[in-house]
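Engineer: I'll drop the sequence and a predicted model, then ask my questions.
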Amino acid sequence: MNAITPIASKIDLTGLLSAIAQADADDSMSNPLTPAQWDTVSAYLQPYAVPAGHVLFSQGATDRTLYLVESGSLSVHYQDEKERLRLAIVGPGSVVGEGAFFSMRPRSATVQASAPTKLWTLTALRFTELTNRQPAIALGLAMAAGAVLAKRLGNRRRRVAAT
C-alpha cells in the first residue's frame with residue numbers, strides 16, 4: 001500500500017453513513033449496522049485523505065485492506081502488456097479492495113483517486129480483532145462488503161473490478 005495521509009480528527013462516521021445511505025450505484029454498499037454498532041466499528045477504522053492522482057493500491061499488491069468511500073471518486077483500472085483499461089469509477093457509499101480482502105489473493109486492478117477522496121480503511125488484522133470481540137458486528141460488515149463483491153461479479157462489465 002502506498003503512503004497516504006492520515007486525517008487527524010475525532011472518529012466521526014457521520015459522513016460515511018450519509019454516503020452509504022445516499023448512494024445509488026448498483027454496487028453501493030448497504031447499511032447493515034445500527035448507529036451503536038457503527039460506533040463500535042469506528043474504533044477499528046482508520047480515516048485517510050487521498051489527493052487526486054494518488055494510487056491507493058496497485059494491481060498485484062498483496063495487502064488485504066478494505067476501503068470504504070466517504071467522498072470523492074476512485075478510478076479502477078487493469079493494465080496488461082498492451083493497454084490500460086478503466087473498469088469502473090467508484091464513488092461515495094461503496095467499497096474497494098473487497099476482492100483481496102476476502103480472497104487473500106493479490107489485487108486484480110489498480111485503484112487511483114480521480115478526485116480528492118476521503119476513505120475509511122479496515123485492515124485484515126483489525127477485522128480479525130473486530131471478529132474476535134464483536135462477531136455479530138463483524139459479520140454484518142462482512143456481509144455488506146460481500147454483497148458488493150457479489151454484485152460486481154454478477155455484472156459482466158464490472159466483474160474484474162472486484163479489487
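Structural biologist: Cool, the structure landed. Since we're looking at a predicted model, the values are computed, not measured.

Engineer: C-alpha from now on. contacts and neighbour counts both.
Structural biologist: Fine.

Engineer: ok, Leu68 - how many residues close by?
Structural biologist: Other residues within reach of Leu68, judged by other CA atoms under 10 Å, total 26.

Engineer: Correct me if wrong: it contacts Val96.
Structural biologist: Yes: contact status for Leu68 versus Val96: in contact at 6.7 Å, counting by CA atoms under 8 Å.

Engineer: can you pull the buried residues of the longest helix seen in the chain?
Structural biologist: For the chain, the helix with the greatest residue count under DSSP state H is helix 135-154. Buried residues in helix 135-154, counting neighbours by 16 or more other CA atoms under 10 Å, are found at 137-138, 141-142, 144-149, 151-153.

Engineer: Same question for stretch 73-89.
Structural biologist: 73-78, 86-89.

Engineer: Just the endpoints, please. Distance across that stretch?
Structural biologist: End-to-end span of stretch 73-89 (CA to CA, to the nearest Å): 7 Å.

Engineer: Name the SS class of Leu119, please.
Structural biologist: Recorded secondary structure, Leu119: strand (DSSP: H, G, I helix; E, B strand; the rest coil).

Engineer: Thank you kindly, that will do.
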